[in-house]
Structure formats: structure tokens, C-alpha cells
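Participant: sequence first, then the predicted structure:
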2 protein chains.
Amino acid sequence: MEETLTARFATKRFTTGLDFVNRIGASAEEADHHPDLTLTYPEVAVTLSSHDVGGITSRDIDLARIISEHAAKLGVTATPDHD
Amino acid sequence: MEETLTARFATKRFTTGLDFVNRIGASAEEADHHPDLTLTYPEVAVTLSSHDVGGITSRDIDLARIISEHAAKLGVTATPDHD
């Protein structure tokens, strides 16, 4: 099983989620490191992992920090994960 | 268990996937009917359902047709689902 960093964000509106996904996408392209993103009506889920090493690296930590900054700018908050 | 329409599309490139997600997102907003979209490096997964009735309705069929049109324009093909 691969180690991952996961987070869910309560975007509440689909358009906010789409905006968030685009900002994350631009940062992912810049970093050449791509998370898995799930966009649903009320939230966006993000999963980060470095597939080449099958676990979490500084690339994931760095991108997670950038994603948190995008969330803060959009007023989007992470939701507790009950999975 | 809720009935859903699901499809996976081999986008191959993250930026193509992001473009596809944006086109689907615009059509979803227009239809006021929102699929679940998962964007990963090589593919986009789409799940459609009418949550209010817990199944598939004409809204899902209509949006699925539009999504197929977006895919065709981007040269993206659906991949067989082995789930």
C-alpha cells in the first residue's frame, strides 16, 4: 500500500471547487508533480503521493503547502476526514 | 446503493485532463447538474447520478452525451472499465 497525503476541502459551490482545481492544477504543472483531484458539488478531495518512490516526499509536502495557500485565498477550509 | 453512470477517459496529459474538466464544469453549470470528476495524471473519471432520485435520469443521459462531445473535440477516448 502506497503512503499518501490526503485532504478534503469544503468548497460548498461547484464553481469554487472548479476554481480551486484550476489553481492546484497550475501549481502542479509548475512543480511537475500531480495530485489526484476529485471535484464534487460540495467539496474537493486531494491525494498526494510520489508514485516513483511509493510514498510521501518533500515534493508532496511542498505542494500540500501551496494547496493550503490556495485554499486560504479562496476562503476554503479543510474538513476533518472520517474515512 | 445509488445507480450511477461512470466513465473513464484516457487524457494522457494532466493539462488535457484539466481542460476536459473545465469544459465539463462549464456544461455542468449550464445544466445545473453536477457530476463527480476525478482528475489524475493520465485520466479523468466521471460519475453521473441524480442524487435527488437516487438513480439515473434524463439529466444524466443528456450530460453524458455533452461530455462525450467534449471528449471527442479533445481527442480523448473512453477507456474500458475493469472495476
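Facilitator: Cool, the structure landed. Just so it is clear, the structure is predicted and the values come from calculations on it, not from any experiment. Numbering: from 1, shown residues only, chains lettered A, B, ... in the order given.

Participant: from here on, just use CA atoms for contacts and neighbour counts.
Facilitator: OK.

Participant: tell me the contacts of A:Ala64?
Facilitator: Under the criterion of Cα atoms under 8 Å, 6 or more residues apart in numbering or on different chains, the contact list for A:Ala64 reads A:Leu48.

Participant: tell me the confidence at it?
Facilitator: Note for A:Ala64: predicted pLDDT of 97.

Participant: cool, and A:His82?
Facilitator: Looking at A:His82, its pLDDT is 58.

Participant: please, where are all the helices along chain A?
Facilitator: Remark: helices assigned in chain A by DSSP state H are A:14-31, A:58-74.

Participant: highest mean neighbour count out of the ones you listed?
Facilitator: helix A:14-31 (a mean of 18; mean count of other Cα atoms under 10 Å in any protein chain shown).

Participant: report the inter-axis angle for it versus helix A:58-74.
Facilitator: 140 degrees (axes from the mean of the first three to the mean of the last three Cα atoms, to 10 degrees).

Participant: touching chain B at all, helix A:14-31?
Facilitator: Yes - against chain B, helix A:14-31 shows contacts by Cα under 8 Å from any Cα of the partner chain at A:14-15, A:18, A:22, A:25, A:29.

Participant: between those, which is nearest A:Thr38?
Facilitator: Of all the residues of helix A:14-31 next to chain B, A:Leu18 has the smallest distance to A:Thr38: 10.1 Å, by Cα to Cα.

Participant: so A:Thr80 sits against A:Ala10, correct?
Facilitator: One thing to correct before we go on: residue A:80 is Pro, not Thr. No - if you go by Cα atoms under 8 Å, A:Pro80 and A:Ala10 don't touch, sitting 9.9 Å apart.

Participant: with neighbour numbers in mind, choose between these two.
Facilitator: Comparing A:Pro80 with A:Ala10 by neighbour count (other Cα atoms under 10 Å in any protein chain shown), the higher total belongs to A:Ala10, at 20 against 10.

Participant: quick check, pLDDT for the closest residue to that one other than its chain neighbours.
Facilitator: Of all residues not flanking A:Ala10 in the chain, A:Glu43 sits nearest, at 4.6 Å (Cα to Cα, 6 or more residues apart in numbering or on different chains). Note on A:Glu43: pLDDT of 96.
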